[in-house]
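1. Sequence and predicted structure, then a few things I'm wondering about:
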Amino acid sequence: MADDFTFSITTTRFDENYTPSENSRATTNFANLARGEHRQENLRNTLTMINQRFNDLADWDNPNGDRYAVELEIISVQLEFAAEGADQQFPLLEVLDIWVVDRHTGERHHGIVGNNFSSYVRDYDFSVVLPAAKASGSAIPQDFGDLHGKLFEHFLDSDAYRERFTAAPVICISVSTSRTYRRTGNHHPILGIEYQQDAPALTDEYFGKMGLRARYFMPRGSAAPFAFYFRGDLLGDYTPLQLIGTISAMETFQKIYRPEIYNANSAAPAVYQPTLEQNDYSRTQIAYDRVERSQLAVIQGKFTEEHFITPHKDTLERWASNYAVSIA
């Protein structure tokens, strides 16, 4: 099983000069921002928003609100099959790694890896498999997301991950527009007010197969709660600066991508139903093509089917079956 394929990691600095690699999914938040005639302005404004939000939350011993600077790296994970032939390598996923620079001391603090999550196989599942099931009137397949989840967990247990990262990842995304969220009495000093979801969404089940569970928090000054997907103890495993790094980066992306929710002019009430249909929000000065993003997801899903799922079907099925036995 271990010899079927290996993982490798490459990194790309996300700054105002960032240019997406050929293997980056075009629908990734940061790749979408780095396109068009205003690409450098988009990137510069995005980084400014992240830094300002970080200093807003990290306000202790920070009277001028400029003590910290956030540095971002895109972590690209490539899967390489042991057998020779076409499509031997495949760009499996991308996440974001965060570093925090303390301008007072010169120290660099490693933040949380994960944050944004980009996956070609997820595009295949949600843009090829799921629509096909709906079109035929079939139920969602029982094994929906199984392969993706096993590949993700296998990567986290790999030498490639463990040699670089000591802590488990945290993925931070938007709450679901198909669910209702209710405020609880729990309040965390950094993550803010905790909300509970009325029922699991398909995304929760999908991340569950990746070994991740969800909690929902609305940080101070945010307009809506975020979904945090994690292993272990979200509240105990990370420092305040690490949590603030994730909040500042992912809130900025969500303000750009979903301003109706995260750049709304009023904060989420005690009982909250997220919607993209409301008009009481402000737009950022950053260009983002949400329609194109949805269209590209289909193209990328079909690319995955052609270059990963189909040519390596036997290997992947054998590996997934053996993996299930090995962890039983």
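-> Great, that's in hand.
2. ranges for the strands of the stretch 201-328 of the chain?
-> Under the criterion DSSP state E, counting those that start in this stretch, strands of the stretch 201-328 of the chain are mapped to 213-218, 226-230, 271-272.
3. tell me the most buried of those strands?
-> Stretch with highest mean neighbour count among the strands of the stretch 201-328 of the chain: strand 226-230 (a mean of 23; mean count of other CB atoms under 10 Å). In this view, the C-beta of every residue, glycine as well, is placed from N, C-alpha and C.
4. can you list the strands of the stretch 201-328 of the chain in CSV and add distance to Thr6 and mean pLDDT?
-> As requested, the strands of the stretch 201-328 of the chain are arranged in CSV below (distance: least, CB to CB, whole Å; pLDDT from 0 to 100):
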stretch, distance to Thr6, mean pLDDT
strand 213-218, 28, 98
strand 226-230, 25, 98
strand 271-272, 44, 98
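5. for these, which one sits closest to Ile98?
-> For these, distance to Ile98 was read as CB to CB. The smallest value, 14.3 Å, belongs to strand 226-230.
6. what's the angle from the closest one to strand 213-218?
-> Regarding strand 226-230 and strand 213-218, their directions subtend 150 degrees when assessed with axes from the mean of the first three to the mean of the last three CA atoms, to 10 degrees.
7. one step back: redo the strands of the stretch 201-328 of the chain as a markdown table? Include distance to Leu96.
-> Supplementary listing: the strands of the stretch 201-328 of the chain in a markdown table, determined by distance: least, CB to CB, whole Å:
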| stretch | distance to Leu96 |
| --- | --- |
| strand 213-218 | 18 |
| strand 226-230 | 14 |
| strand 271-272 | 26 |
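8. Of those, which is nearest Gln142?
-> When these are compared by CB to CB, strand 213-218 sits nearest Gln142, at 20.2 Å.
9. Pull up the pairing partners for that closest one, direction included.
-> Within its sheet, strand 213-218 is paired with strand 192-197 (antiparallel), strand 226-230 (antiparallel), according to DSSP bridges.
10. Determine which of those strands approaches Pro91 most closely.
-> Each of the strands paired with strand 213-218 was scored for nearness to Pro91 using CB to CB, and the closest is strand 226-230 (21.3 Å).
11. Okay, now the unreliable bits of the stretch 151-300 of the chain?
-> The model of the stretch 151-300 of the chain has pLDDT under 70 over residues 287-294.
12. residues in contact with Thr10?
-> By CB atoms under 8 Å, 6 or more residues apart in numbering, Thr10 lies in contact with 75-76, 78.
13. so which of these is the most crowded?
-> Neighbour count (other CB atoms under 10 Å) singles out Ile75 as the most crowded of the contacts of Thr10, with 21 neighbours.
14. List the neighbouring strands of the strand or helix carrying it plus their orientation.
-> With elements taken from DSSP states H and E, the one containing Ile75 is strand 68-81. Counting by DSSP bridges, the strands paired with strand 68-81 are strand 5-14 (antiparallel), strand 89-102 (antiparallel).
15. of the contacts of Thr10, closest to Thr180?
-> The shortest distance between Thr180 and any of the contacts of Thr10, using CB to CB, involves Ile75 and amounts to 33.8 Å.
16. can I assume that closest one is in contact with Asn115?
-> No. With contacts counted by CB atoms under 8 Å, Ile75 stays clear of Asn115, the gap being 9.8 Å.
17. Mutual contacts of the two, please.
-> In the contact map built from CB under 8 Å, 6+ apart, the residues linked to both Ile75 and Asn115 are 95-97.
18. By neighbours, which of those wins?
-> Counting neighbours by other CB under 10 Å, Leu96 comes out on top of the shared contacts of Ile75 and Asn115 with 28 neighbours.
19. Including distance to Tyr323, could the strands paired with strand 213-218 go into JSON lines?
-> Compiled in JSON lines, these are given as follows (distance: least, CB to CB, whole Å):
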{"stretch": "strand 192-197", "distance to Tyr323": "29"}
{"stretch": "strand 226-230", "distance to Tyr323": "21"}
